[in-house]
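J.: sequence first, then the predicted structure, then my questions.
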Amino acid sequence: MNEPLSAKRRLGLAASGATLLVLGASLLAPLSPGLQVYARGLAFAVLAGLSITAVAFLVALPLGALAASGPRVFDWALRFACDLVGSLPTVFVAAVFWASTSSVFRFVCALGALRGLEQAWLLRCEIVRLEAEDPESVPRGLGRTPLVAFLRRRMSAALGPLFVSASFSVAWLTALDAAVSQAGLRPPSAPPTWGLLLGTPQPGPLPALLAAGSVAWLTVALHALFRPPNAG
């Protein structure tokens, strides 16, 4: 039976993957316009992925905690918001975000908020599961325990699924961007991204293959880094 990777090995895996991507981009980008797009897409993927994750956590932590342990109206509101967003095609929502703003930063923040709703529901479900499994070992709810104790014991135990979900942020963003590009809904002023390489015809296959391989490698590395040690 294979033992799970230690935290140090996971961190080394993620760091080595990011280092190889940066070195490869710096060496290959000057060769052709397509590879220059790949290098610029690397920068966008890293910055946008970090921004989406940060915004998603800022949205998910308060909403998930209130939905799980606050007044029932917060649980109903989060459930309604997730059902509403889930009923709309995500590609359509992303295209509306692209069309409604000329700022890449605002677009990324809007996608982060959208992902934050999903992660808020994950957090809510994890808190409820922990309370059902062992109701006496940790504080039962935000409204029935001091805030510091709740954050230190309940929230810290429930954050695992959020970190695992965050490891897929770059892949989620790239797939969404590729679908929008394929549908012809991407604004002309949008910056070059890996999604553009994967969603539109290219002069040669190398930039698209590099983009797809980079997304896969980053996702695997981050998933190994963020996966809880006791996960199967």
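T.: Sure thing, it's come through.
J.: pull the contacting residues for residue 173.
T.: Residues near residue 173 by Cβ atoms under 8 Å, 6 or more residues apart in numbering: 45, 48-49, 52, 111, 195. C-betas here are computed from N, CA, C, even on glycine.
J.: make TSV from the residues you listed and add distance to residue 217 to it.
T.: As requested, these are exported to TSV (distance: Cβ to Cβ, whole Å):
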residue	distance to residue 217
45	12
48	17
49	13
52	19
111	22
195	16
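J.: if we take those, which one ends up nearest to residue 214?
T.: Top of the list for closeness to residue 214, among the contacts of residue 173 and by Cβ to Cβ, is residue 45 at 7.6 Å.
J.: just checking, that closest one touches residue 192?
T.: No - the pair residue 45 and residue 192 does not pass the contact test of Cβ atoms under 8 Å, sitting 10.9 Å apart.
J.: tell me where the model's unsure across the chain.
T.: The model of the chain has pLDDT under 70 over residues 1-12, 15-16, 18-19, 21-23, 25-31, 102, 134-156, 228-232.
J.: leaving out sequence neighbours, find the closest residue to residue 45.
T.: For residue 45, ignoring the flanking residues on the chain, the nearest one in space by Cβ to Cβ, 6 or more residues apart in numbering is residue 170 at 5.2 Å.
J.: next SSE downstream of the strand or helix carrying that neighbour?
T.: For residue 170, the host element (DSSP states H and E) is helix 169-182. Heading C-terminal from helix 169-182, the first helix or strand you meet, by DSSP H and E, is helix 194-199.
J.: tell me which other helices or strands that following helix touches.
T.: Judged by 3 or more Cβ pairs under 8 Å, 6 or more residues apart in numbering; DSSP states H and E, helix 194-199 is in contact with helix 33-69, helix 169-182, helix 206-226.
J.: which one of these lies closest to residue 199?
T.: helix 169-182 (3.2 Å).
J.: which parts of the closest one are buried?
T.: Neighbour-count burial for helix 169-182, counted by 16 or more other Cβ atoms under 10 Å, picks out 169-181.
J.: let me know the angle separating it from helix 206-226.
T.: Here helix 169-182 runs at an angle of 150 degrees relative to helix 206-226 (axes from the mean of the first three to the mean of the last three Cα atoms, to 10 degrees).
J.: find the nearest non-adjacent residue to residue 168, please.
T.: Using Cβ to Cβ, 6+ apart and skipping the chain neighbours, the partner closest in space to residue 168 is residue 219 (6.1 Å).
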